[in-house]
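1. Below is the sequence, then the predicted model.
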Amino acid sequence: MTASAASRTPLYQRHVALGGRMVDFGGWELPQQYTSIRDEHLAVRKVAGLFDISHMGRFRVTGAEAFDFLQRLLTNDLSRIGPGRAQYNLMCNEQGGILDDLVVYWGEDAFIVVVNAANRERDLEWMRGHVPTGVAIEDRTVELALIALQGPKAEELLPAGGLGDLPYFGFRPAKVAGVGALVSRTGYTGEDGFELFVDSERVGDVWDAILESGTPAGVLPAGLGARDATRLEAALRLYGNDMDESVNPYEAGLGWTVKPAKGDFIGNQALRKVKADGPKRMLVGLQTSPGDIARHGTAVLRRGAK
C-alpha cells in the first residue's frame, strides 16, 4: 500500500468487487455495508461476519523502558497481564479527559498499541511527546493489515487450527489459510471472535480464504453499519460519539480501567479528585420500545421534558 493510497486499505478493491457501499470514515474509504446492515448484523449474531478494520492505527513500541513508558501514559495496569495477553486501556490528558481508548498487546519483543483511526496522528504525536530516551514508537498501520472474524461460529470457521484454548484477550502467532498472522481473541461486537494482524501484502489471501470456506455456512463480509450496531448492542463505547477529550473515564462508565494504585500516570491526580467528588454526569444506555428507531441527536424525554 503506497503513501498515495493511504486512505484505502489493502482490501479496497475486494470491497468494491463485493458491492460494498464505500464511505469516508476517519479518513479511510470503507464499506458501510455490502448487502444490508440487517443481514450483516444477523450474520454476526448467528454465524460470523468478516470485517476489515485496517483503518485502526497500529503502533509498535519497543525498548527497555517500553513497559514503564506505557504504564505512565495509560490508565490501566499492564502488570496485571503479561506476554501473549492484551488489555483495554485509556489514554488521558492531565485534566483526566479521554484522548483515546485503545488496546495494548504485550508481545515477546514489543508492545502493539491499536488506536482509533481518526485519532491516529494525534495519538502518535502525544505518545512521541512523552516518550523517554531508549523507547521507540513505529507506526505500522500501512504495513500491517487488520481484519476481524466475529460471531458464535468464528472459531469453527476460521481456517486455522489450535485456537480453541486461546483465552479472551489472548493472542499468539498462527497460520491462517497458510499465511502467517498474529491472532487475537478480541473484538468489538459482543460476540466471540478473532482479530488478525496480517502483512498487508498477504491479507487479501486470508480474506479470500475465510470467505471461500465460510460463505456456505453463512459467513458474510460486514461493514461499518453492522460493526456500529453490534457494538452498540454490546454497550461498547465509540470514541468521538460516546466520549471525547471533554469526558473523563468515570463519566464514560470506564472507571474500572483507572488503576491509581499502580503508580503515577498522566491524569492520575485529576482522576483521583473526580472519583472522590463523584462524576457530575454519566453515560448510560437506554433500551427503546419496538417501533421508531432513535437516531443521533434525537431528544430524550423524561416525563415529557428533555
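-> Great, that's in hand.
2. what does the domain assignment say about the protein?
-> For the chain, automatic domain parsing gives the domain ranges 3-56+142-233, 59-129+248-284.
3. Could you export stretch 204-214 as CSV, CA atoms only?
-> Extracted C-alpha coordinates of stretch 204-214, given in CSV (Å, rounded to 0.1, in the frame of the first residue of the first chain):
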residue,chain,number,x,y,z
GLY,A,204,-6.1,-10.5,0.6
ASP,A,205,-5.3,-14.2,0.5
VAL,A,206,-6.5,-14.6,4.1
TRP,A,207,-9.7,-12.6,3.4
ASP,A,208,-10.5,-14.7,0.3
ALA,A,209,-9.9,-18.0,2.1
ILE,A,210,-12.2,-17.1,5.0
LEU,A,211,-15.0,-16.1,2.7
GLU,A,212,-14.4,-19.1,0.5
SER,A,213,-14.7,-21.6,3.3
GLY,A,214,-17.2,-19.7,5.4
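4. For that stretch, which outside residues touch it?
-> Stretch 204-214 is contacted from outside by 10-11, 14, 47-48, 50, 52, 147, 149, 157-159, 176-179, 181, 196, 198, 219, 221, using C-beta atoms under 8 Å, 6 or more residues apart in numbering. C-beta coordinates here come from the backbone N, C-alpha and C atoms, glycine included.
5. same check, this time on stretch 11-19
-> Contact partners of stretch 11-19, identified using C-beta under 8 Å, 6+ apart, comprise 5, 22, 29-31, 34-35, 52, 54, 145, 147, 203-204, 207-208, 221.
6. For it, what is the distance to the chain centroid?
-> In terms of C-alpha atoms, centre = their mean, to the nearest Å, the centre of stretch 11-19 is found 22 Å from the chain centre.
7. which of the residues in that stretch are buried?
-> 11-12, 14-15, 18 (16 or more other C-beta atoms under 10 Å).
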